[in-house]
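Undergrad: here's a sequence, model it:
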Amino acid sequence: MIEHHHWHPVAAACDLGAAPLAAHLLGQPLALWRDDGGRAHAFADRCPHRGARLSLGRVEGGRLECPYHGWQFEGAGRCVHVPALPQFQPPAGHRAGAFGVQEAHGLVWVRLASRPEGEGADADAGLPLPAFAAEGDARLRKLVCGPYDVAASAPRIVENFLDMSHFGFVHEGWLGARGAAAIDDYRVEPTPTGLLATGCKAWQPQSNLHSTAPAQVEYTYEVTGPYAAVLTKLPEAGTTAVEGWRESIALYICPVTPESSRVWFRLAVADFDAPDQKLRDFQHTIFTQDQPVLESQEPKRLPLDLRAELHTAADKASSAYRRHLKALGITFGTC
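TA: Modelled structure (predicted):
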């Protein structure tokens, strides 16, 4: 599948400590672990000896140890010790399935596609990670929100993230109002990773944590990967308690199954004073308003045939996203 060639988030980097951690990606169970140098690794969560879950094991001497018979595997997946036969030198074929791993944006990312011959377990070959320009901006504070386990396909969640016309109904009193639900025209252009939508405007009673008055807010949306997107928000001057307020929010989704997902948000905000939890609470409020609606949608998988559901000019960002997924050949979470 083309999805195997992309990088996907599977865990918050801070949640992967000394003990192995179980995760799932594109239907593949994973065992995540760190070696003695702190480097993250991702294995298929199945010992090649007798099929036990490696995530139930432990890290011993910088190696992942199977909980069943104690076989030990180094970072690239090769078995290097069989306790029942201390003098045995396991051949190269005695190995766990290892996948490429990177850490970025506060998350652990995994790529399931086979690595070219000779690459290490942390190889970053193939397509790049979804970009987040705000990550390198020292004027913005970054933190991760989530995860949220959602009974909806990853593409449905991305499409919701791109949609402004639900603000006055799903987020009434926060990001919108029923009496101000009209969407002005905006521009959508294709990019190598998806699309860029500019000139998006919404009237919002409380556009952010520090809002002091309702504001006209300008949005920019960018799809940065099949299951990733970024929005930036710029409210009218004088409508926030923080002078020069601006924020950028990245949506990162782990497609667990075709109809279930694990979701994180990466916040980049012009606020270095509010407690982390206060910032997370605002994002939590907004997304948990979205979640029941997302989980109610049928079909759960996003239809890529534009004739399957109705569309208007207000939906042109989501329609462009559907066309992009179809052109890319994405099938996991679509129909």
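
Undergrad: every contact and neighbour count from this point should use C-alpha atoms.
TA: Will do.

Undergrad: which stretches in the stretch 51-200 of the chain count as strands?
TA: 58-60, 63-65, 72-73, 79-81, 98-104, 107-111, 141-150, 187-191, 194-204 (DSSP state E, counting those that start in this stretch).

Undergrad: which other helices and strands contact the fourth one?
TA: This means strand 79-81. strand 72-73 (3 or more Cα pairs under 8 Å, 6 or more residues apart in numbering; DSSP states H and E).

Undergrad: tell me which strands the strand it packs on pairs with, and in which orientation.
TA: As defined by DSSP bridges, the strand partners of strand 72-73 come to strand 63-65 (antiparallel), strand 79-81 (antiparallel).

Undergrad: ok so, going back, which among the strands of the stretch 51-200 of the chain is found nearest to residue 169?
TA: Nearest to residue 169 among these is strand 194-204 (11.9 Å), distances taken as Cα to Cα.

Undergrad: what is the rounded mean pLDDT of that closest one?
TA: Strand 194-204 shows a mean pLDDT of 95.

Undergrad: just give the nearest non-adjacent residue to the residue nearest in space to the middle of the chain, would you?
TA: Central residue of the chain (Cα atoms, centre = their mean): residue 252, 1.9 Å from the mean position. Nearest residue to residue 252, sequence neighbours excluded (Cα to Cα, 6 or more residues apart in numbering): residue 228, at 4.9 Å.

Undergrad: with residue 232 instead?
TA: Nearest non-adjacent residue to residue 232 (Cα to Cα, 6+ apart): residue 248, at 4.2 Å.

Undergrad: contact partners for the one you found?
TA: Shown in contact with residue 248 (Cα atoms under 8 Å, 6 or more residues apart in numbering): 134, 230-233, 267-269.

Undergrad: show me where pLDDT drops low in this protein?
TA: Residue ranges of the chain with pLDDT under 70: 115-126.

Undergrad: before we move on, back to that, neighbours of the residue nearest to residue 252, how many?
TA: Residue neighbour count, defined by other Cα atoms under 10 Å, stands at 29 for residue 228.

Undergrad: coming back round to it: could you dump the strands of the stretch 51-200 of the chain into CSV and include mean neighbour count and distance to residue 296?
TA: Below are these laid out as CSV (neighbours: other Cα atoms under 10 Å; distance: least, Cα to Cα, whole Å):
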stretch, mean neighbour count, distance to residue 296
strand 58-60, 19, 39
strand 63-65, 25, 41
strand 72-73, 26, 43
strand 79-81, 20, 46
strand 98-104, 22, 32
strand 107-111, 25, 28
strand 141-150, 18, 11
strand 187-191, 14, 28
strand 194-204, 20, 25
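
Undergrad: need the ones you listed in a markdown table with distance to residue 331, can you?
TA: Below are these laid out as a markdown table (distance: least, Cα to Cα, whole Å):
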| stretch | distance to residue 331 |
| --- | --- |
| strand 58-60 | 35 |
| strand 63-65 | 33 |
| strand 72-73 | 33 |
| strand 79-81 | 34 |
| strand 98-104 | 21 |
| strand 107-111 | 17 |
| strand 141-150 | 19 |
| strand 187-191 | 20 |
| strand 194-204 | 16 |
